[in-house]
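**Q** Below are the sequence and a predicted model; questions follow.
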Amino acid sequence: MNIYSLNSIPNTVYDRVMKRSFGLSSNQGVQKRVRRVFEDVQTNQDRALLGEYEKRFGSTNKMSLRVTSPEIKNAYKQVDASVICALQQMIKNIRNVTNAQLKTKTDPAVVTEKGVKVWREWRAIEKIGLYIPGGKALYPSSVLMCGIPAVIAGCKEIIICSPPSDKGKISAIILVASDMIGISNIFSVGGPYAIAALTYGTKSIPKVDKIFGAGNAFVTTAKMLALETTSIDMPAGPSEVFIIADDSANSSYIAADLLADGEHGDDSACVLVTTSPVVAKKTVIEIEKQLNNLSTASRIRESLKKYGLIAIADSLKDAINFANNYAPEHLEIMTKNPVAVSKKINNAGSVFIGNYTSKSSGDYATGANHILPTGAMAKSYPPLGVDAFGKWMQIQRCTKLGLNSIRKTIETMAIAEQLPAHKYSTAIRFIK
């Protein structure tokens, strides 16, 4: 990898790094292909989904998109006991963090006038769809990150869509992770077809009220298209890591975390901004050294080539400003005083403080959610949490005395806004 000065990054490199693969979502070719998928699913329903399956696997024998109970039960035989134990610890930690997020489902009532009360009550979204990506890697962790908050929120109907593997079946570990948290509505369909099915509904797959989960540029584009009729969690595209480091940082740790992000796919983004030229040079050496031991090296190299950056900043202030502008999905801080740096970060999906908070710790085991905004959307979107699976409902109650105490304001404003029916709807309650 080349090392740049943060203040003199070539424009072509800067634009590519800042846009990352999220720019593909605005690509007209991608949008056209995804829109055609949506039209196909809307018109042909299950036939479109089965047709895509046949195209991929050359089989016309698949009659059901839904995973059966025997298939889920049999999946346990294919998953190692050590993996089950790891999933159990993940479930425990994610539940603990998620349970702490929703401390009350009813706000205290506020008395605005005598006889006038306003409060809020929380309600779970009834029908939700979870998209669990597949392809180059398996993500049972994403099942837990999406599924556990949905269960804790109290969503009545939780549907999982995940692409089948090369053998035409959803991976056993995905089925086991789903079953361990009590989700059994699982459908073998992936990519934009899955998002379209959840958006419109088919004979097999119900239409949902909100769609959750991360995916590639095609899935992200599909989710944005789904917004025309269905709510989504956030634009969660290909993975990103941004590391701020000074001369106290360990270059081998930095390299390892950049590579860990890069192996998600060749569309991942990996950025290091450091105040130390020595750390930058050592990191480049470490990257090459560690790549030699990784089976995923080819796609990591591609991601580093496309969306990777190592830059030297004149000061931590410059590094922080660049990070806030980039607004990464994952932000690691490896400095002498990482907590002080974190206080100056406004835009990041998830922050990892200190040398021993590896990116993979948050991916799997800390209990923090790893479904995060990408493509600079951390400027306005939060990480996935239990609150995303419900909504606050506003409630107000007036006694006759209470309504009378605000009657003059109502009638005055109704006249000012030229809405006579508004005035009468209050006045009628006082006609004897």
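**A** That came in fine, so what should we check first?

**Q** can you list the domain ranges for this protein.
**A** Here the domain assignment for the chain is 3-20+238-370, 45-115+123-232, 399-430, based on automatic domain parsing.

**Q** Let's have the ones you listed in JSON lines, adding mean neighbour count.
**A** C-betas here are computed from N, CA, C, even on glycine. Shown next, in JSON lines, are these (neighbours: other Cβ atoms under 10 Å):
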{"stretch": "domain 3-20+238-370", "mean neighbour count": "19"}
{"stretch": "domain 45-115+123-232", "mean neighbour count": "19"}
{"stretch": "domain 399-430", "mean neighbour count": "13"}
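
**Q** Least reliable of these by average pLDDT, please.
**A** For those, the weakest mean pLDDT is recorded on domain 45-115+123-232, namely a mean of 92.

**Q** Now do the end-to-end distance for that domain.
**A** For domain 45-115+123-232, the first-to-last residue distance is 21 Å (Cα to Cα, to the nearest Å).

**Q** Now do the strands in the stretch 51-200 of the chain.
**A** Using DSSP state E, counting those that start in this stretch, the strands of the stretch 51-200 of the chain run over 110-113, 116-124, 127-131, 157-162, 185-188.

**Q** could these be laid out in CSV, adding distance to residue 250?
**A** What follows is the strands of the stretch 51-200 of the chain, written out as CSV (distance: least, Cβ to Cβ, whole Å):
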stretch, distance to residue 250
strand 110-113, 51
strand 116-124, 44
strand 127-131, 36
strand 157-162, 37
strand 185-188, 41
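
**Q** Indicate which one of those strands is closest to residue 34.
**A** Nearest to residue 34, of all those, is strand 127-131, at 13.7 Å by Cβ to Cβ.

**Q** which residues sit against that closest one?
**A** Residues outside strand 127-131 that contact it (Cβ atoms under 8 Å, 6 or more residues apart in numbering) are 143, 146-147, 150, 155-162, 183, 194-195, 198, 206-215, 219, 389.

**Q** ok, back up a step: so for residue 271, which of the strands of the stretch 51-200 of the chain sits nearest?
**A** strand 127-131 (26.1 Å).

**Q** what's the angle between the closest one and strand 157-162?
**A** 20 degrees (axes from the mean of the first three to the mean of the last three Cα atoms, to 10 degrees).

**Q** Measure how far strand 127-131 is from the centre of its chain, please.
**A** Relative to the chain's own centre, strand 127-131 is displaced by 13 Å; criterion: Cα atoms, centre = their mean, to the nearest Å.

**Q** what pairs with it, and is each one parallel or antiparallel?
**A** Taking DSSP bridges as the criterion, strand 127-131 forms sheet pairs with strand 157-162 (parallel), strand 210-212 (parallel).

**Q** ok, then the element right after the last one?
**A** Elements were assigned by DSSP states H and E; along the chain past strand 210-212, the next helix or strand is helix 217-226.

**Q** Which neighbouring elements make contact with that following helix?
**A** helix 28-44, helix 191-200, strand 231-232 (3 or more Cβ pairs under 8 Å, 6 or more residues apart in numbering; DSSP states H and E).

**Q** Please produce JSON lines containing these, extended by distance to residue 414.
**A** Shown next, in JSON lines, are the helices and strands packed on helix 217-226 (distance: least, Cβ to Cβ, whole Å):
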{"stretch": "helix 28-44", "distance to residue 414": "43"}
{"stretch": "helix 191-200", "distance to residue 414": "40"}
{"stretch": "strand 231-232", "distance to residue 414": "33"}
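
**Q** quick one on the thing from earlier: between the strands of the stretch 51-200 of the chain, which one is nearest to residue 338?
**A** Across the strands of the stretch 51-200 of the chain, closest to residue 338 is strand 127-131 (Cβ to Cβ), at 33.2 Å.

**Q** Of all the strands paired with strand 127-131, which one is nearest residue 77?
**A** For residue 77, the closest of the strands paired with strand 127-131 is strand 157-162, at 19.4 Å, according to Cβ to Cβ.

**Q** contacting residues around that closest one?
**A** Here strand 157-162 has contacts from 126-134, 143, 147, 150-151, 170-171, 174, 178, 183, 185-190, 194-195, 197-198, 205-206, 208, using Cβ under 8 Å, 6+ apart.

**Q** and if you look at stretch 37-52?
**A** With Cβ under 8 Å, 6+ apart as the criterion, stretch 37-52 contacts 62, 65, 189, 191-193, 196-197, 199-200, 202-205, 222, 225.

**Q** Hmm, residue 142 is touching residue 370, no?
**A** Yes: using Cβ atoms under 8 Å, residue 142 is in contact with residue 370, at 7.3 Å.

**Q** Grab the most central residue of the chain for me.
**A** Nearest to the geometric centre of the chain sits residue 371, at 3.3 Å (Cα atoms, centre = their mean).

**Q** ok now do the nearest residue to it once chain neighbours are set aside, which residues does it touch?
**A** Nearest non-adjacent residue to residue 371, counting by Cβ to Cβ, 6 or more residues apart in numbering: residue 384, 3.8 Å away. Residues near residue 384 by Cβ under 8 Å, 6+ apart: 145-146, 149, 212, 233-234, 369, 371-372.
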